[in-house]
Structures are given as structure tokens and as C-alpha cells.
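Chemist: Sequence and predicted model, in that order:
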Amino acid sequence: MQVGSDADPRAALRAALLDQRPGAEEALRDALVARRAEHGEHDAWARLCEAVGQSALALSEYQLALRDDPADVGVLARLSVLYEERGDLDHAIECAERWTAGAPASEQAVRMLVELLGAADRPERAGQVIDEAVALGLGREAEQALRARLSASRERDEDGDELEPVPAQPTDADVVRFAHMFAGRENVHARQWAGPGGEGGYSPVREPFTVQVARNHLLGGITVGVYPLRLDDTVTFFVFDVDITKRALARARGNLVEARRLKALVATEAHRLHQALAALGVSALLEDSGYKGRHLWAFLEQPEDASVVRSFGTLFLRGPGPAAPELHVEFFPKQAAAEGGVGNLIKLPLGIHRRTGRRSRLLQPDGSGETDPFGALRRQPRLGRGALQAAIARLKAEVLAGSAAPPADGDPDPTREPPRDLGAFPPPAPSWTSVDFDTHPEVSQILAHCAVLATLRTKAEQHRRLTHDEQVVLKHALGHSGAGVLAVNYLLDACADVPPTARLQSPLAGNPISCPKIRRRIPHVTGTVDCNCPFDFAPGQYPHPRLHLLRPLPVPAAPPASEPAPWDPAERVRVLRMLRVRHQEIETEIAQVEGELVGHMERAGATEIHLDDGVLRMVQEAGTVPALSWVPAPAVPSAPPASGDRAG
């Protein structure tokens, strides 16, 4: 895809990346590579990368920004956070120390450095940092909070909860069901680890997630994460992850009141999302992750393309996001396709979090603990393909109606306008229906004679999927008239993986896509149908599907002499409508050709173009636009017959 000609291409790239347009990630990488040697604006590009989930690219851009200005405390702050998220404590501490040196009075910088040193098991150095900050004027209250955070035990959850009791031993059937429900990528899973200094992460294990691995996870021997994307880029479940931001979590360490407030915010947000999903007909399993967040799991009746599921998650999370700024929500799967990798992982429920020692637990919809977790898994319904597509259609209708936020239940911010209840939101009256494909004179004429476009219509209506190239063909074959725009948008809206931003806003200008270009774009379609229209009724014109509007009407067979031909007024009305559509098409083409010729003659300073059979003249009277007039060549009189040839 092209980055665009905007003064700041970042806005166009951001929109393309958030809409998951094909080639958007490659365009972002190309843009970054092209300006790597340039100076300036690397921090802005880094923020763009962070906003679209490209943390590795963001890290590289922040490093280039630091090259430009080694004392930029804002860049040092972001680098320290990104390095910490990657588990690179040494570089995180180095950046935090430089941040603190550049802003010695910043309580935020000191707090970050103290937390990192504590995580790296360097309490002596952390104490020195606090002493140095106090000598530079750090307040008594801030000092006490920092020392409390340093001494807080990292083997307990931040809210002071006791460890969860071990659940009842699962039966063999429970383990098999668990392994089947949470199976992701077939050839790899991950295992969580935690170090003595509080650091932690996941290590990939290049082995399948088997029933034995699932049993070991449930018994607490290991803690497993799975990669939702399967080898064929399908998924069997999706997850919403409600979490506390790292900054808010750092402020809450050692502060029991603040930790409990954040825990309540997480519970409220998870309940809000749970209710919003239920309003869409999606039953979600609620889980306390065992650390600081909650997960909402939804299971599918059959594997679905990750692009379709991603479309649901993207539409559902449109809008302002969580009510509390201390929270953020992520959706898994994070990718529509693995593209040579394995995608992002998510930790499975009912295991022990290696950093806190707490066991994940399933919750009732009201937030109370589920006393029979394996029974809850047995009872958990699965989402069918029709229900998923219906939910996507309702979310698209909500977006097109201008309200993008999911419904709230007990929104903690009284000043925030409550979002529309999706459960009661009626879809807008359709401007096009499936019947119109067979009754509208223009569209039905084209589809009746173009097997390629008819096949795309069937695919969109029956399979709810269109590739990017198939969308392009539909738009540029049908989208040159008002009716064509309505027909195209109807088919795009029917596709679960096509975002609302792909709709046409008005008829396209220029020429329709040619048949050869259609065959190059979608050979998988054109190779299976009869795609070789001769268009002998339109000589001299390049082949394209809209030429079928010029196709002459079939001459009806003459009725027997004994029976008068029936006259149907409704049929004649349909013929009249068809003729008017053709007339408009011809007038449009005439105006286009005339405009090209006038432009050519004005540039050449000519007023006439001579042909063998006449002259085309450009005439322009005062106060009028140029007009073209065709003057036929005078007829040449035939010579009289010679005398010798006269009959006698």
C-alpha cells in the first residue's frame, strides 16, 4: 500500500494499521527504513508504533530519538518502560538512571528506577537512589511511599490476597475437555517462569499442547500459555484481557488502599464488557488471571478465520476504551495471520501465576468465585458462526449509526454519557436488499451476463468473506453509479472480515476495471467460470463488465398468427427503465470522449480534426463553453457512363 501524500503520513498509516489493511505493516516498516538516517520526529514515529502494537519498532525508533537527543527525558522514560516489558532489566535500569539524572526532582523517575532496581534484586542501590533523591529535595511522604514499595513482598499479589486453595482434582474427562477447549497452535506452547528478583516471562516450548501438559498445568506443576493462532490461521476461541497499566501498578505497590481501588476498577470494567458481550449474544467465561487482571473467554463451535474474529474484536473495542485511565483492554488473537511467526500468547486459566503464587480462578458473572470450575467449563456454551456474523453485523450497524462504544452497566464515571444499549439497537433500514440484485435494471443486467461478478455476489452472501482483491474488483466494476454503490456496500457489509471503512461513499470516477485486470487480480474466480465475453455488440471499446448494459435486448419470438401478441405494461416499464439506464451510460461516455477531444484541441491550438469522411470542428461562442460539431464530407458525384458503354 502507498503511504500517501499527506504532509504527515503517520495519520494515514495509523488508520490503515488499525483497520488491518493489507500491506499496512509493510508500509510502516518501509517508511521507518526510508527515514532511518534522518534526524528528528523519531519519537513521534515511536508513539505511532506503540499505538498500533508494534513495540519492537517503537523501541528502535526511541533509540534513534535518543541518538538525536541523548538527554531527552521523555524518550528515556519510554525506553525504560519498553525494556522492562521485554524483560531487559539492565537496559531499563540504564535508561531510568539517565532519566533520573536529567530530571533529579522527578518523583516519577525516581519511582521507576527504584522499582526496576527492586525487580533486579538490587535493594542496596535502590536505597541509595532514594537517599540521593531526598538530598535533592524529595518530600517526606514520597520518600516513605518509595521505601514501602521497596520493602513490599513480591511473592504476594499487590492487593494482599491470600493464595487461592488448590481446586478439586480434575477427572480424566475434565483434563481432556480442558485440553480441547484451550488448544491453540498445534506445534508449540509456552511455559511461564519467574526469577528471584520479581522478573518473569514465558519461554516457548516447541511441542504440542497435549492432555499431559494440560494435566500438569491444572495440578500446578507448570503454568502454560498457548498461542491462539493455529497453523491455518484459524482460532477456536477469543479473549478480552482487562489489565492495569504498568504506571498505575507501579503507583499502587505498597499502597493497599490504591491496590484495592484498582482491583475494583478491573472488576467493574470486566463486568461491563461481560454485559456488553451478552447483549450481542456472546457468552463469555470470566476469569481472575491470578495477578492483576481479568480475562473473558469466548469459545467457537467451529474454527473461524482469525481475520473474521479480529474484525469482531476491533469493532467491539472501538470508541473511548475503558472508563478508567488506569486500565487497558487487549484482544486475542492479536494478529489475523501468523505470517511465519506464532503470534502472541495468553496464559491459560486455573493455573498458578509464577510471579505471585496465586492460582487463577473462574468467576461468576457477578464477580464471585466459581466453586465448580470444571462444571463451569462443561456448561460453557459455544458461539456459532451465524451468531458471530450477526454480532459483527450489529456492531457494524452501530458504527455506521455513529455510536461506537459498547454498552455500560454501572459506569463509574457519572459525567460520561452512557453508550447505546446494543441489545435494543435496531439496525438501520437497508438501502439495498438481496432482491434488488435480481430486479434493479442496471445491476441485474450486469450480473446476468458477468459470471465473475455473480460468483462474487454469491460468495459474499453465502460465505461472508471476500479477499482484498475481490473487494477491489467489485468496487471498480459496479461502483460507478448510485445503484452500484448501494449493491457493493450491501455485499461488503455482509462480509464479517470487511471493516465499515471499506464502504464506498460515492460513485467512482474514471473508467471501470477491465476484464484482463479482473483476470489478473482474481484468477481463482475467473478460472472457474466462463470469463471470455466477446462484446461484439460494442466494437472498438475495451472490455469491461459494464459493457453488458449496451447488450441489445433479445428479440421475442413472434407468437402464432392465430394468437395476438400479449402486451404487458409492467414489462414495457422495465424495458423503458433499462433503456434509460443505457441512455445515461452512453451520454456519460459521450461527455467523457468530448471532454478529452476538447482538451486535446485546446492544447494543440487547433479548431478542427480532419478524417476521411468529415471534419470535427470546435465552436465556442462568447460566454459559452466549447462545443463540437461534426461536418460530413460532401458527397462526390458519380461520373456519367462512357459512350462506348451505353446500351443500345
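Modeler: Alright, I've got the coordinates. This structure is a prediction, so every number in the text was calculated from the model and none was measured.
Chemist: got the CA coordinates for stretch 488-504 in CSV?
Modeler: What follows is stretch 488-504, C-alpha atoms only, in CSV (Å, rounded to 0.1, in the frame of the first residue of the first chain):
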residue,chain,number,x,y,z
VAL,A,488,-21.3,-3.0,-3.5
ASN,A,489,-21.8,-1.7,0.1
TYR,A,490,-24.5,-4.4,0.7
LEU,A,491,-22.0,-7.1,-0.2
LEU,A,492,-19.2,-5.5,1.8
ASP,A,493,-21.4,-5.2,4.9
ALA,A,494,-22.3,-8.9,4.6
CYS,A,495,-18.7,-9.9,4.9
ALA,A,496,-17.6,-10.5,8.5
ASP,A,497,-14.0,-9.5,7.9
VAL,A,498,-14.5,-6.3,6.0
PRO,A,499,-14.4,-3.1,8.2
PRO,A,500,-17.1,-0.4,7.7
THR,A,501,-14.3,1.9,6.4
ALA,A,502,-14.1,-0.2,3.2
ARG,A,503,-17.6,1.1,2.1
LEU,A,504,-17.9,3.3,-0.9
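Chemist: can you list contacts of it?
Modeler: Residues from elsewhere that reach stretch 488-504, judged by CB atoms under 8 Å, 6 or more residues apart in numbering: 15, 19-20, 305, 307-308, 310-312, 314-315, 336, 388-389, 392-393, 396, 399-400, 430-434, 436, 456-457, 460-461, 464-466, 471, 474-475, 478-479, 485. (Glycine included, C-beta is placed from N, CA and C.)
Chemist: Of the residues you listed, which belong to strands?
Modeler: Among the contacts of stretch 488-504, the subset assigned to strands under DSSP state E consists of residue 305.
Chemist: Filter the contacts of stretch 488-504 down to the buried ones.
Modeler: 20, 305, 307-308, 310-312, 314-315, 336, 388-389, 392-393, 396, 399, 432, 436, 456-457, 460, 464-466, 471, 474-475, 478-479, 485 (16 or more other CB atoms under 10 Å).
Chemist: remind me which residues of the stretch 201-350 of the chain are low pLDDT?
Modeler: Along the stretch 201-350 of the chain, segments meeting pLDDT under 70 span 253-256, 319-321.
Chemist: can you pull out the strands in it?
Modeler: 224-226, 234-244, 285-288, 294-305, 327-332, 346-347 (DSSP state E, counting those that start in this stretch).
Chemist: Kindly reformat the ones you listed as JSON lines containing distance to residue 632.
Modeler: Converted to JSON lines, these look like this (distance: least, CB to CB, whole Å):
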{"stretch": "strand 224-226", "distance to residue 632": "79"}
{"stretch": "strand 234-244", "distance to residue 632": "67"}
{"stretch": "strand 285-288", "distance to residue 632": "81"}
{"stretch": "strand 294-305", "distance to residue 632": "62"}
{"stretch": "strand 327-332", "distance to residue 632": "70"}
{"stretch": "strand 346-347", "distance to residue 632": "78"}
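Chemist: So which of the ones you listed is nearest residue 506?
Modeler: Among the strands of the stretch 201-350 of the chain, strand 294-305 comes nearest to residue 506, with 30.5 Å by CB to CB.
Chemist: Check which helices and strands that closest one sits against.
Modeler: strand 234-244, helix 256-279, strand 285-288, helix 385-401 (3 or more CB pairs under 8 Å, 6 or more residues apart in numbering; DSSP states H and E).
Chemist: What residues of the second one count as buried?
Modeler: For helix 256-279, the neighbour count (16+ other CB under 10 Å) marks 258-259, 262-263, 265-279 as buried.
Chemist: hey, C-alpha coordinates of stretch 453-468 in PDB?
Modeler: The C-alpha trace of stretch 453-468 is given here as PDB (Å, rounded to 0.1, in the frame of the first residue of the first chain):
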ATOM      1  CA  LEU A 453     -19.400 -10.700 -10.500                       C
ATOM      2  CA  ALA A 454     -22.300 -13.100 -10.000                       C
ATOM      3  CA  THR A 455     -19.900 -15.500  -8.300                       C
ATOM      4  CA  LEU A 456     -18.500 -12.700  -6.000                       C
ATOM      5  CA  ARG A 457     -22.100 -11.900  -5.000                       C
ATOM      6  CA  THR A 458     -22.800 -15.500  -4.100                       C
ATOM      7  CA  LYS A 459     -19.600 -15.800  -2.100                       C
ATOM      8  CA  ALA A 460     -20.300 -12.600  -0.100                       C
ATOM      9  CA  GLU A 461     -23.900 -13.600   0.700                       C
ATOM     10  CA  GLN A 462     -23.200 -17.300   1.400                       C
ATOM     11  CA  HIS A 463     -19.700 -17.400   2.800                       C
ATOM     12  CA  ARG A 464     -19.400 -13.900   4.300                       C
ATOM     13  CA  ARG A 465     -15.900 -13.500   3.000                       C
ATOM     14  CA  LEU A 466     -14.200 -11.500   0.300                       C
ATOM     15  CA  THR A 467     -10.500 -11.100  -0.200                       C
ATOM     16  CA  HIS A 468      -9.000  -7.700  -0.700                       C
END
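Chemist: how far does it sit from the chain's center?
Modeler: 19 Å (CA atoms, centre = their mean, to the nearest Å).
Chemist: which residues does the nearest residue to residue 303 once chain neighbours are set aside form a beta bridge with?
Modeler: Once flanking residues are discounted, residue 303 sits nearest to residue 234: 3.9 Å by CB to CB, 6 or more residues apart in numbering. Under DSSP bridges, the beta-bridge partners of residue 234 are residue 305.
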